[in-house]
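Engineer: Provided below are the primary sequence and the corresponding predicted coordinates.
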Amino acid sequence: MPPASISSGSKKGLRGRRKHPAVHLIGFPMDLGADRRGVDMGPSALRIADIDEKIRALGYVVEDEGDIEIQVPEVLKIRDPHLKYLPEITAACEKLARKVKRVLRHGSFPLVLGGDHSMAIGTIAGVSGYCRDEGKRLGVIWIDAHSDINIPGTSPSGNIHGMPVAALIGIGSPALAKVGGDFRKLDPGNIVMIGLRSVDAGERKLIKEHGVRTFTMTDIDRLGIYRVMEETLQYLGERADHIHVSFDLDSVDPTTAEGVGTPVPGGLTYREAHLIMEMIAEFGAFSSLEVAEVNPILDTMNRSALFAADLVASAMGKRIL
C-alpha cells in the first residue's frame, strides 16, 4: 500500500528549503532529572562536534547563548523521592523558558542542547508562551524511546526526565505544570510521539486517556518511516502553526548512538533518523528544536554527539544533493 499523500489542508506547511533566520544555541547542562550522570556534558559534546559550524555551512547565522547555570546534585538534597530535585529543576526550566521565548520573539530559531529530557518542560513552556502571545497553535513531534508522560503516582523512579509530557499537558506535579506560566502548555491532541519502545504501565493508561497520537517501533516496522512521517506531518499540519521537535537521542538504536542517558535496544536506524529530520526540514511550520540525553561518558570518541549534530544539520536543510 503506498504512503498516504499529504492533504491540501496541510500543504501550507511544506517547502523545499527553509529560509535562513538566526539560530540561537542554548545549552542546558542538567542531569538532575535522571539517575545516571553524564548528560550534563551533552551541550559541550555537541559543541565539540561542531554543531555550530554544521549549521553555518547551511547559510544560517548562529549565535551561541552559552549555558543556563544549573546546580549539580553533589551540593543538593532530594526533598521528595517522588519528584527528585523538583525546586532546582523548576528554577532551571523557568530560566530556559524565558530565554526560548525571547529568542522566538526576536524572530530567531531556538536550538536547545541538553541535558536530560526534563529540559522539555522549560523549552516547550517558552515556545508555548510565545505561541499563546502570537495566537499560534503549537504542535510537538516527540522523538523518543520513552513517552515521558509519567506523573509522581506512576513513576517507578521519581525521576523528572520521565515526566515532561505530563507536565506540559497539565497533569501530575502542579509545580512542573506551572513552569512558564499558569496555563496548559500543550494540547495532548497536538503531540505525536515517534519511536516508542519503553513505556511504563501507568504511561500506557495516560496516553490512551488523553488521546496522544503515537507511533511505536512496531508501527515503524509495519508502516515504514516514510509513511509514519507523512501521517505525522499531515496530522500536525491540520492542527498547528508552530512545530517544535523534541529529539531524544535514545530514540536511535544504541548500535548507532551508544552515548545516551537511557539506551534501549531496537531503535531507529541511522537512515530512519535522518529521513525523519529531512522530512521535518521541509515542513514550513518547523520553528524550534531541542536535543536531549547526549551522554559523552557512555560514548566512544564523541561519536554519538557527532551523529546528533549531523541529524540537526539534516533538520536544518542539509541534503545529499
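Structural biologist: In hand now; what should we look at? All values reported here derive from a predicted model rather than from experimental measurement. Numbering: from 1, shown residues only.
Engineer: Just give me the residue closest to the centre of the chain.
Structural biologist: For the chain, Ser246 is the residue whose C-alpha lies nearest the centre (Cα atoms, centre = their mean; 1.4 Å).
Engineer: gap between it and Glu230?
Structural biologist: For Ser246, the distance to Glu230 equals 20 Å [Cβ to Cβ, to the nearest Å]. All C-beta spots, glycine's among them, are computed from the backbone N, C-alpha and C.
Engineer: Centre of the chain to the helix or strand containing Arg227, how far?
Structural biologist: Assigned by DSSP states H and E, Arg227 belongs to helix 225-237. For helix 225-237, the separation from the chain centroid amounts to 17 Å (computed by Cα atoms, centre = their mean, to the nearest Å).
Engineer: for stretch 262-274, same thing?
Structural biologist: Averaging C-alpha positions (Cα atoms, centre = their mean) puts stretch 262-274 15 Å from its chain's average.
Engineer: low-confidence ranges in the chain?
Structural biologist: 1-20 (pLDDT under 70).
Engineer: Output the contacting helices and strands for the longest helix along it.
Structural biologist: For the chain, the helix with the greatest residue count under DSSP state H is helix 86-105. Using 3 or more Cβ pairs under 8 Å, 6 or more residues apart in numbering; DSSP states H and E as the contact test, the elements touching helix 86-105 are strand 22-28, strand 109-114, helix 119-134, helix 174-177, strand 286-292.
Engineer: Show me what that helix is in contact with.
Structural biologist: For helix 86-105, contacts defined as Cβ atoms under 8 Å, 6 or more residues apart in numbering pick out 24, 26, 28, 30, 32-33, 65, 68-71, 76, 79-80, 109-110, 112, 118-119, 121-123, 125-127, 129-130, 133, 160, 173, 175-176, 179-180, 287-288.
Engineer: same thing with stretch 46-61?
Structural biologist: By Cβ under 8 Å, 6+ apart, stretch 46-61 touches 20-23, 25, 27, 62, 64, 109, 111, 113, 291, 294, 302, 305-306, 308-310, 312-313, 316-318.
Engineer: Kindly supply the ChimeraX command isolating those of these that are buried.
Structural biologist: Of these, the buried ones can be selected in ChimeraX as follows, counting by 16 or more other Cβ atoms under 10 Å:
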select :23,25,27,62,64,109,111,113,291,294,302,305,306,308,309,310,312,313,316,317,318
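Engineer: who's in contact with Ile243?
Structural biologist: Applying Cβ under 8 Å, 6+ apart, the residues near Ile243 are 13, 139-141, 236, 280, 283, 285-287.
Engineer: Top of those residues by number of neighbours, please.
Structural biologist: Gly139 (29 neighbours; other Cβ atoms under 10 Å).
Engineer: Next, count neighbours for Arg227.
Structural biologist: By other Cβ under 10 Å, 17 other residues sit near Arg227.
Engineer: same question, Ala175
Structural biologist: Neighbour count for Ala175, taken as other Cβ under 10 Å: 13.
Engineer: can you check the one 5 residues further on too?
Structural biologist: By other Cβ under 10 Å, 26 other residues sit near Gly180.
Engineer: same deal with Asp248?
Structural biologist: Asp248: 26 surrounding residues under other Cβ under 10 Å.
Engineer: swap in Gly224?
Structural biologist: When neighbours are counted by other Cβ under 10 Å, Gly224 registers 14.
Engineer: do the same with Ser314
Structural biologist: Ser314 has 21 neighbours, counted by other Cβ under 10 Å.
Engineer: I'd say it and Glu282 touch.
Structural biologist: No - using Cβ atoms under 8 Å, Ser314 is not in contact with Glu282, being 10.8 Å away.
Engineer: about what we covered before: need the winner for burial among the helices and strands packed on helix 86-105.
Structural biologist: Comparing the helices and strands packed on helix 86-105 by mean neighbour count (mean count of other Cβ atoms under 10 Å), strand 109-114 comes out on top with a mean of 28.
Engineer: Are there helices or strands packed against it, and which ones?
Structural biologist: Where contact means 3+ Cβ pairs under 8 Å, 6+ apart, strand 109-114 is packed against strand 22-28, helix 42-48, helix 86-105, helix 119-134, strand 286-292.
Engineer: Quick one: closest of those to Asp241.
Structural biologist: Comparing the helices and strands packed on strand 109-114 by their distance to Asp241 (Cβ to Cβ), the top pick is helix 119-134, with 7.6 Å.
Engineer: Now do the next helix-or-strand element following that closest one: everything it contacts.
Structural biologist: Heading C-terminal from helix 119-134, the first helix or strand you meet, by DSSP H and E, is strand 138-143. Defining contact as Cβ under 8 Å, 6+ apart, one finds that strand 138-143 is touched by 124, 127-128, 131, 148, 165, 168, 185-187, 190-195, 232, 236, 239-248, 251, 276, 280, 285.
Engineer: Which ones among those residues map onto helices?
Structural biologist: With helices taken from DSSP H, the overlap with the contacts of strand 138-143 comprises 124, 127-128, 131, 165, 168, 232, 236, 276, 280.
Engineer: Once you drop chain neighbours, what's closest to Met217?
Structural biologist: Leaving aside its sequence neighbours, Met217 sits nearest to Arg197 (Cβ to Cβ, 6 or more residues apart in numbering; 4.5 Å).
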